[in-house]
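Novice: The following block contains a protein sequence and its predicted model.
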Amino acid sequence: MVQDDQKMRILLYQSAKGLFSPSGGYRANLAMVRHLASKGHVVQQVCWSFEKDIKGYVEGEKKKGNHIDVERDVLRIPTTDKPDAKIGIAKFKMSDEIEVIGLDINDVESFFPKKDLLTRDFVEVC
């Protein structure tokens with residue numbers, strides 16, 4: 001474990017869709033942050049999530065005897081030419097100590113066209 005004054009705070013923006021993407025980049029990123037979290041660093045990931053993935057994860061952990069609290073919120077993005085975007089957010093800590101901020105991909109895609117949906121573009125809007 002690292003000492004408190006040596007801990008890093010890592011914020012990872014995942015561009016793959018879903019909590020369990022088969023993408024090699026997603027899996028490599030997750031392996032890296034899991035390792036850092038296991039060493040005592042504070043890790044958060046912002047990712048595109050599907051509600052079914054969150055429910056499946058919570059249920060799977062429940063079967064293992066783990067309780068996962070999921071905090072819900074809504075991100076409102078004001079616009080000038082149409083109603084504000086309302087994007088559901090799920091916040092929770094995975095059993096491996098990675099804090100997740102999941103942006104509901106269905107909400108995001110209803111507001112941002114799929115062809116234009118890149119993580120950096122979305123982050124620049126927010």
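Specialist: The structure has been received and is ready for your questions.

Novice: low pLDDT regions in this protein?
Specialist: Scanning the chain for pLDDT under 70 picks out the ranges 1-2, 113-126.

Novice: what ranges do the strands span in it?
Specialist: Taking DSSP state E as the criterion, the chain carries its strands at 9-17, 42-49, 71-77, 85-93, 98-104.

Novice: Next, the buried residues of the third one.
Specialist: Right, strand 71-77. L75 (16 or more other CB atoms under 10 Å). The C-beta positions use only the backbone N, C-alpha and C, and glycine is treated the same way.

Novice: who does that strand touch, helix- and strand-wise?
Specialist: Counting contacts by 3 or more CB pairs under 8 Å, 6 or more residues apart in numbering; DSSP states H and E, strand 71-77 is packed against strand 85-93.

Novice: Figure out which of the strands of the chain is closest to G65.
Specialist: Of all these, strand 85-93 sits nearest to G65, with 15.8 Å by CB to CB.

Novice: starting at the chain centroid, how far to the closest one?
Specialist: 9 Å (CA atoms, centre = their mean, to the nearest Å).

Novice: What distance do you get for the residue of the chain most remote from its centre to F111?
Specialist: Here the chain reaches farthest from its C-alpha mean at D81, the gap being 28.2 Å by CA atoms, centre = their mean. From D81 across to F111, the span is 12 Å (CB to CB, to the nearest Å).

Novice: Neighbours of S15, how many?
Specialist: Here the number of neighbours of S15 (other CB atoms under 10 Å) works out to 16.

Novice: Could you write out the alpha-carbon coordinates of the longest helix along the chain in CSV?
Specialist: Across the chain, the longest stretch assigned as helix under DSSP state H is helix 24-38. In CSV, the C-alpha atoms belonging to helix 24-38 read as follows (Å, rounded to 0.1, in the frame of the first residue of the first chain):
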residue,chain,number,x,y,z
GLY,A,24,-9.3,-4.4,-25.9
GLY,A,25,-8.7,-0.8,-24.9
TYR,A,26,-11.4,-0.8,-22.3
ARG,A,27,-10.1,-4.0,-20.8
ALA,A,28,-6.5,-2.8,-20.7
ASN,A,29,-7.7,0.5,-19.1
LEU,A,30,-9.7,-1.5,-16.5
ALA,A,31,-6.8,-3.8,-15.7
MET,A,32,-4.5,-0.7,-15.2
VAL,A,33,-6.9,1.1,-12.8
ARG,A,34,-7.7,-2.1,-10.9
HIS,A,35,-4.0,-2.6,-10.3
LEU,A,36,-3.7,1.1,-9.1
ALA,A,37,-6.8,0.8,-6.9
SER,A,38,-5.4,-2.4,-5.4
